[in-house]
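Visitor: pasted the sequence and its predicted model underneath.
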Amino acid sequence: MLKIEDLKVHYRGDLGLVKAIEGVSLSLEKGSSLALVGESGSGKTTLGHAVIGLLPHNAVVAGGDILFKGKSILSMKREELRRLRGDRITMIFQEPSAALNPVFKVSSFLRDVLRKGRGSSMSEKEIREEIISLLRKVRIPSPEDVMEKYPHELSGGMKQRVLIAAAIANNPDLIIADEPTSALDVSVQAQILRLLDELRNKMNLSLIFITHNLGVAAQVSDKVAVIYAGKIMEIAPTPTLFESPKHPYTIMLLKSIPSIRKEIKKEGLAAIPGSLPDLVSPPPGCRFHPRCPMAMEICSKEEPAMVEVERDHFVSCHLYTEARGDRS
Ligand SMILES: Nc1ncnc2c1ncn2[C@@H]1O[C@H](COP(=O)(O)OP(=O)(O)O)[C@@H](O)[C@H]1O
Ligand code: SF4
Ligand SMILES: [Mg+2]
């Protein structure tokens, strides 16, 4: 349903071109979910914005394509993109307060979303019923009361539920959720994750779930793609990624989740040493080599190809390429 082919997105900046996405390929089937995981600054939001046609003005698509049901999103005209966004692909953002206009009640916000997606054919009564039904779907208690409230009268979790209601209002094919739970308390986080998973199953939605937290990714995804400095390092079905991670970066990310294994719990949270490289002049070869404990001579010279190490499990690392023989 969604196919991203060798996508490159750069930003024009004062210091030169920021190479935020550099050759990303991914695909997603109807009804399935992909978690896109990486540290802050690795290009996750850029990728989400590219898919939904919402890149800022200083962004340049320097190569590749994004196909939605076989059609290139990058060559769509403004009107077609607008319909795609309101209708087929929707996005949920990290900060629910910023996505809701404080002067409108929940009912006005959702009415607007429904009208945009379905035109003016619905009567006021039908709209009201649809809003109540949507609020029920996202498990908001007493929807008749909540729809008359302003955003500031709702908790963070409730606001995010309203935004999820908006995201599913017009029966989209794909939802992109960009760190939707990062601003919420842990217990609310778990409820929202369960809700997204439930809706995806019920509505046969596809989901791209963006997060910096592998533990969160595990709860909502069939497949995980690990992104580092604008490149995919490893993609695998979620259980495979957790049971047999191959890329040194993935292994380090897994170690940084304190509760995932007992022995790691004892060691405490292992932060990954170093920081993301400068994306104006990224390191040659493997972009991870300055931080990689396994780095070999070839790693700073040649970029590793993506290798299928087992069925549906892809890794971009010289430990698994032919070039491995040259290691020193
Ligand atoms: N509008 C912009 N102009 C210039 N650089 C940007 C812009 N947005 C993001 N970047 C840069 O692109 C890189 C990827 O950012 P982003 O996609 O937001 O990463 P993530 O969502 O993983 O934190 C970062 O280096 C960031 O500073
Ligand atoms: S290619 Fe080399 S530097 Fe990059 S992750 Fe693999 S071993 Fe580490
Ligand atoms: Mg982001």
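Guide: Nice, thanks for sending it over. Numbering: from 1, shown residues only. Ligands and ions are numbered 1, 2, ... in the order given.
Visitor: I figured Val280 hits Tyr11, correct?
Guide: No - if you go by Cβ atoms under 8 Å, Val280 and Tyr11 don't touch, sitting 9.5 Å apart. (Glycine included, C-beta is placed from N, CA and C.)
Visitor: quick one, which of these two is more surrounded?
Guide: Set Val280 next to Tyr11 and count neighbours by other Cβ atoms under 10 Å: Tyr11 wins out with 19 against 14.
Visitor: OK, contacts around the closest residue to that one other than its chain neighbours?
Guide: Residue nearest to Tyr11 in three dimensions, not counting chain neighbours: Val18, with 4.2 Å by Cβ to Cβ, 6 or more residues apart in numbering. Applying Cβ atoms under 8 Å, 6 or more residues apart in numbering to Val18 gives the contacts His10, Tyr11, Arg12, Leu279, Val280.
Visitor: redo that, cut-off 10 Å
Guide: Counting by Cβ atoms under 10 Å, 6 or more residues apart in numbering, Val18 makes contact with 9-12, 41, 43, 46, 58-59, 230, 278-280, 282.
Visitor: please apply the same query to Ser108.
Guide: Asn101, Ile131, Met147, Glu148, Tyr150.
Visitor: now do the helix or strand the second one falls within: which elements does it pack against?
Guide: Read it as Ile131. Ile131 is part of helix 124-137 when elements are defined by DSSP states H and E. Packing partners of helix 124-137 (3 or more Cβ pairs under 10 Å, 6 or more residues apart in numbering; DSSP states H and E): helix 106-118, helix 143-146, helix 156-168, helix 186-203.
Visitor: and those, which is most packed in?
Guide: Ranked by mean neighbour count, the helices and strands packed on helix 124-137 are led by helix 156-168 with a mean of 23 (mean count of other Cβ atoms under 10 Å).
Visitor: please see if stretch 95-112 touches ligand 1.
Guide: No - among the residues of stretch 95-112, none lie within reach of ligand 1 under Cβ under 6 Å from any ligand atom; the closest is 12.9 Å away.
Visitor: mean confidence score for that stretch?
Guide: Per-region confidence: stretch 95-112 scores 93 on mean pLDDT.
Visitor: can you give me the first-to-last residue distance of that stretch?
Guide: Terminal residues of stretch 95-112 are spaced 20 Å apart (Cα to Cα, to the nearest Å).
Visitor: and what of stretch 115-126?
Guide: Chord length of stretch 115-126, first to last residue, is 11 Å (Cα to Cα).
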